[in-house]
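>>> Coordinates for the following, if possible.
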Amino acid sequence: MPFLFRTCNLEMDYETYITFLIRHHDELNLPYSFAMKLSFISSPLVLGKAMVIIDEDSYEIAAAVGFVYGTGAADYEDKHICQIEVAFIQQEYRATTLFIKGLRALNHLIKENNPDVLQIQFWAPSDQADLDRLFSKFASLPGASKSIVNHLVLYTLPFEELVRYGERFNLKSAKFPS
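Residues are numbered from 1 along each chain as shown. The predicted structure follows:
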C-alpha cells in the first residue's frame, strides 16, 4: 500500500490535519480536557511543523504527526529540543512498515527545518502498557531517558539516535532488528 507524506504548508493542509485529529481526539491517549488537547494538536501549526500521511489508494488520511521546536517551559527558546506534540496512526493502518516510513519522514522534516535539533522529547500516559511497550524501544537507545512526572512519562532521546534507529530497519521484511 503506497503512502504520501505531506507536510502541512497550506490552509487546506492545516484544516485536513486539525479535522483528522479532532475526529480521533478520544484515541490520542492525551489525558487532558478537549481544550487542552486542541492546544497540543494545533501548536505545531504555529510553533513547528505538522505532517499527514495519506493512503494513496483510497486518499484517506492514515496518520498525522505534529511537533514544535523548543519547550513551553523555556518559552520555546530552546530550539535544540524538538517536542512531539501528537502522533496518531489509525488502527487499520498500524504496521511496522508505516511506522518506520513515518519515523523516517518525521526525522527528515525535523532535520530539514531545524538542523540544530539535538534532542527529541515526548510525553505519554504512564498507565498504558501498550504505549510503554512501544516507547520502551526508544527509551533503550543510547543517551535516552524515561522519567515519570505527574502520571505522565517524559521520554527524551538524542535526535541522531532516533535517526539511526529508523534507518536500521529492512522495510521489505518490516521486522525489528534484534
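>>> Okay, and the beta partners of residue 54?
residue 4, residue 61 (DSSP bridges).
>>> where's it relative to residue 105, distance?
12 Å (CB to CB, to the nearest Å). Every C-beta, even on glycine, is put in place using the N, C-alpha and C of the backbone.
>>> quick one: contacts of the lengthiest helix in the chain?
In the chain, taking DSSP state H as the definition, the longest helix is helix 96-113. Residues from elsewhere that reach helix 96-113 (CB atoms under 8 Å, 6 or more residues apart in numbering): 3, 5, 7, 49, 51, 53, 62-63, 65, 67, 69, 82, 89, 117, 120, 159, 162-163, 165-167, 169, 171, 174-176.
>>> Kindly give a single ChimeraX line that selects the buried subset of those residues.
The buried subset of the contacts of helix 96-113, as determined by 16 or more other CB atoms under 10 Å, is captured in ChimeraX by this line:
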select :3,5,7,49,51,53,62,63,65,67,69,82,89,117,120,159,162,163,165,166,169
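>>> quick one: the host helix or strand of residue 49 to chain centroid distance?
Assigned by DSSP states H and E, residue 49 belongs to strand 48-55. Centre-to-centre, strand 48-55 and its host chain are 10 Å apart (CA atoms, centre = their mean, to the nearest Å).
>>> can you check stretch 18-30 too?
13 Å.
>>> can you pull the buried residues of it?
18, 20, 21, 24, 25, 28, 30.
>>> Save the residues you listed as TSV, and put in pLDDT too.
Below are these laid out as TSV (pLDDT from 0 to 100):
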residue	pLDDT
18	96
20	96
21	96
24	95
25	91
28	88
30	82
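>>> closest to residue 75 among those residues?
residue 30 (22.3 Å; CB to CB).
>>> can you tell me which residues contact that closest one?
36, 37, 40, 86, 125.
>>> Which secondary structure element is home to it?
Going by DSSP H and E, residue 30 is not part of any helix or strand.
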